[in-house]
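Student: here is my input; please provide its structure:
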Amino acid sequence: MAVLSHSHVPVTQSEFPWAIRRGALAGVMAGVVFAIFEMVASAAMMGVAETAAPLRMIGAIALGPQALDPAYSLTAASLAGLAVHLVLSVIYGGAFAAIAGGLRPRPAIVGLATAYGFALWLLNFYLIAPAAFPWFAAANAAVQFVAHTVFFGAVLGYYLWRSHEALLRRTA
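Tutor: Numbers count the residues shown, from 1 in each chain. From the prediction side, this is the model:
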């Protein structure tokens, strides 16, 4: 795989599948960090008993609003939430890798990924959720902003940058 010596990002069409795979993996990594942050924030703000509340809310995307009922199985709601969250993280990570394919320096990749996380926050919480998943209106907007921009976006960009650095070391 030919990568320009000054590049941190694959630049040829043959490298596009590699970038998408790396983006999907970066999405999973960022999604896990995001979920941990969300759960810690939930526990800190609402008490330890609410640690899984973010996963329950995400699980309700697939299971319906009944998953929000405390009588609904926390295990089922949390596993569904984890599955939905990871699928979305893979999609968002792969999409970002497709968008960021031509960037070179680390600050550009991390900066664009942070802006991408911000755009995801706006899209998810101000366009999609109000229309399709109104229970997300109960989520703290400041926590969601930080979760999407820093704990998803910046982590996504950093992981992609590090992946490209590792590729450069292997091909040098």
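
Student: just after the longest helix anywhere in the chain, pick out the following helix or strand.
Tutor: As assigned by DSSP state H, the longest helix anywhere in the chain is helix 16-46. Beyond helix 16-46 in the direction of the C-terminus, DSSP states H and E gives the next helix or strand as helix 53-63.

Student: identify each buried residue in that following helix, please.
Tutor: 53-61, 63 (16 or more other CB atoms under 10 Å). From N, CA and C alone the C-beta is placed, and that goes for glycine too.

Student: repeat for stretch 140-154
Tutor: Within stretch 140-154, judged by 16+ other CB under 10 Å, the buried ones are 143-144, 146-154.

Student: elements contacting the strand or helix carrying residue 94?
Tutor: Assigned by DSSP H and E, residue 94 falls within helix 74-99. If you count contacts as 3 or more CB pairs under 8 Å, 6 or more residues apart in numbering; DSSP states H and E, helix 74-99 packs onto helix 16-46, helix 53-63, helix 106-123, helix 155-171.

Student: residue 89 is nearest to which of these?
Tutor: When these are compared by CB to CB, helix 16-46 sits nearest residue 89, at 2.8 Å.

Student: quick check: the nearest residue to residue 140 once chain neighbours are set aside vs residue 134, distance?
Tutor: Of all residues not flanking residue 140 in the chain, residue 45 sits nearest, at 6.8 Å (CB to CB, 6 or more residues apart in numbering). Taking CB to CB, to the nearest Å as the measure, residue 45 falls 20 Å from residue 134.

Student: next one: residue 28
Tutor: 28 Å.

Student: give me the more crowded residue out of the two.
Tutor: Legend: neighbour count by other CB atoms under 10 Å for residue 28 and residue 134, higher for residue 28 (18 against 10).

Student: which residue is the nearest non-sequential neighbour of that one?
Tutor: Closest to residue 28 by CB to CB, 6+ apart is residue 89, at 5.6 Å.

Student: mind listing what the one you found touches?
Tutor: Residue 89 is in contact with 27-28, 30-32, 34, 152, counting by CB atoms under 8 Å, 6 or more residues apart in numbering.

Student: which pLDDT value goes with it?
Tutor: We have a pLDDT of 98 for residue 89.

Student: next: residue 104.
Tutor: Residue 104 is given a pLDDT of 59.

Student: now stretch 18-38: mean pLDDT?
Tutor: Taken as a whole, stretch 18-38 carries a mean pLDDT of 94.

Student: show me the contact partners of it.
Tutor: 1, 9-10, 54-55, 82, 85-86, 88-98, 101, 143, 146-148, 151-153, 155-156, 159-160, 163-164, 167.
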